[in-house]
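Colleague: show me how the following folds:
(one chain, ligands or ions: 1)
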Amino acid sequence: MDLHMIDDWVPARTRQDLTGLAASDALVAGGTWLFSQPQPTTTRLIDLSTMGWPDLTIDDDGLEIAATCTIEKLITGDYPAAWRAAPLFGQCARALLASSKIWRTATVGGNICLGFPAGAMISLCAALAGQAVIWRADGSEEYCGISDFVTDVGVTALQPGDVLRAIRLPVAALTEPTALRKVAYAPLGRSGAIVIARGRSDGAAGLTVTVSAGTRRPIVIDAPDAPTALSAVAAIAPHEYHDDAHGKADWRRAVTGHLAAEVVAELAS
Ligand SMILES: Cc1cc2nc3c(=O)[nH]c(=O)nc-3n(C[C@H](O)[C@H](O)[C@H](O)COP(=O)(O)OP(=O)(O)OC[C@H]3O[C@@H](n4cnc5c(N)ncnc54)[C@H](O)[C@@H]3O)c2cc1C
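Modeller: Got it, this is the predicted structure:
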């Protein structure tokens, strides 16, 4: 939609261009959400796509995904064969309600910054022990686990004037096997629950189960074995579950338990 209140569109090129943002300024990345509804308090858009951040940087430590990397570029990237978790990128993209047309424009950072339960890039990065690189408004840089970055529906660790610069996924998580299940009211509908399990390399004991979409924030459970992981999922408090038109909280809680059992079984097979 046209945003009639916008007076100015500023292409950002340096960090200096991102300082001193006013309450009436909004950062725009892909704009797929920003232009989908009125923004009555915004008069200036600061365009992040002109920052020139490299989309994907692979090094010995793992993968750095620029906040401005589109979902399409993430899922079509060329990754080391040892990264057994790489298929999870596409699985999470398909867990979005968004189609491939949106993937071309929507960014990984925009999805995470919205902090929606159905933000499958949040599910992905939480499941792979992702760290958010935050450029604070005071000029400092801070790291924050993605599971701590999203704290409630639409609420994140970002303060006014902060920018999400990138997400770093550690090589240890990228080389581990994963399994994902998603459920929604409609076959291609908005995710009602997503559960992702991550095993350990070389058959070592232990696993990580990440519960999202059904819950108000991503919940990451590290457990020594499958029964302990499933008990921890069952023990997630009812108030942690989200209730809206895309799923009642009781239903989300029930299906999360089933999906957790399935992903744990898949890892063990
Ligand atoms: C048909 C359709 C289906 C969709 N389905 C889903 C879905 O299933 N789940 C879901 O979560 N979303 C969904 N969306 C919403 C949205 O498209 C995605 O979340 C998308 O990934 C947002 O990315 P963007 O780059 O377009 O963000 P933008 O619209 O550019 O920005 C979104 C918000 O994040 C802020 N922002 C963006 N980048 C940064 C940054 N680096 N630092 C700080 N703040 C930033 C912006 O200021 C804005 O408030 C859907 C949208 C459409 C149109």
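Colleague: tally of neighbours for the residue in the stretch 151-269 of the chain that the ligand sits nearest to?
Modeller: Residue nearest to the ligand within the stretch 151-269 of the chain (C-beta to the nearest ligand atom): residue 164, separated by 3.7 Å. Every C-beta, even on glycine, is put in place using the N, C-alpha and C of the backbone. Residue 164 has 26 neighbours, counted by other C-beta atoms under 10 Å.
Colleague: now do the one 5 residues further on
Modeller: When counting by other C-beta under 10 Å, one arrives at 23 neighbours for residue 169.
Colleague: enumerate the residues of the stretch 151-269 of the chain near the ligand.
Modeller: 158, 163, 164, 190 (C-beta under 6 Å from any ligand atom).
Colleague: if we go to 5 Å?
Modeller: Residues of the stretch 151-269 of the chain lying near the ligand by C-beta under 5 Å from any ligand atom: 163, 164.
Colleague: where in the stretch 151-269 of the chain is pLDDT low?
Modeller: Scanning the stretch 151-269 of the chain for pLDDT under 70 picks out no residues.
Colleague: now do the strands in the stretch 1-150 of the chain.
Modeller: Here the stretch 1-150 of the chain has its strands, by DSSP state E, counting those that start in this stretch, at 8-11, 25-28, 44-47, 56-59, 62-66, 131-135, 141-145, 150-152.
Colleague: for the second one, which outside residues touch it?
Modeller: Translated: strand 25-28. 18, 21, 34, 39, 42-49, 163 (C-beta atoms under 8 Å, 6 or more residues apart in numbering).
Colleague: now swap in stretch 234-252 and tell me
Modeller: 117-118, 153, 184-185, 189-193, 211, 213-217, 219, 253, 256-257.
Colleague: what do you get if the cut-off is 10 Å, keeping everything else the same?
Modeller: When contacts are defined by C-beta atoms under 10 Å, 6 or more residues apart in numbering, stretch 234-252 is touched by residues 97, 116-118, 152-153, 183-186, 189-193, 211-217, 219, 221, 253-257, 260-261.
Colleague: restricted to strands, list the residues you listed.
Modeller: Of the positions in the contacts of stretch 234-252, 152, 183, 193, 211, 212, 219, 221 sit in strands, assigned by DSSP state E.
Colleague: and for the fifth one, the neighbour number?
Modeller: A count of neighbours around residue 212, defined by other C-beta under 10 Å, yields 31.
Colleague: just use 145 as the starting number from now, easier for me
Modeller: Will do, 145 is the new start, and the previous item becomes residue 356.
Colleague: residue 256 is in contact with that one, correct?
Modeller: No: using C-beta atoms under 10 Å, residue 356 makes no contact with residue 256, being 11.7 Å away.
Colleague: burial check on the residue in the chain that the ligand sits nearest to, number of neighbours?
Modeller: Nearest residue of the chain to the ligand (C-beta to the nearest ligand atom) works out as residue 254 at 2.3 Å. Using other C-beta under 10 Å, residue 254 is surrounded by 25 other residues.
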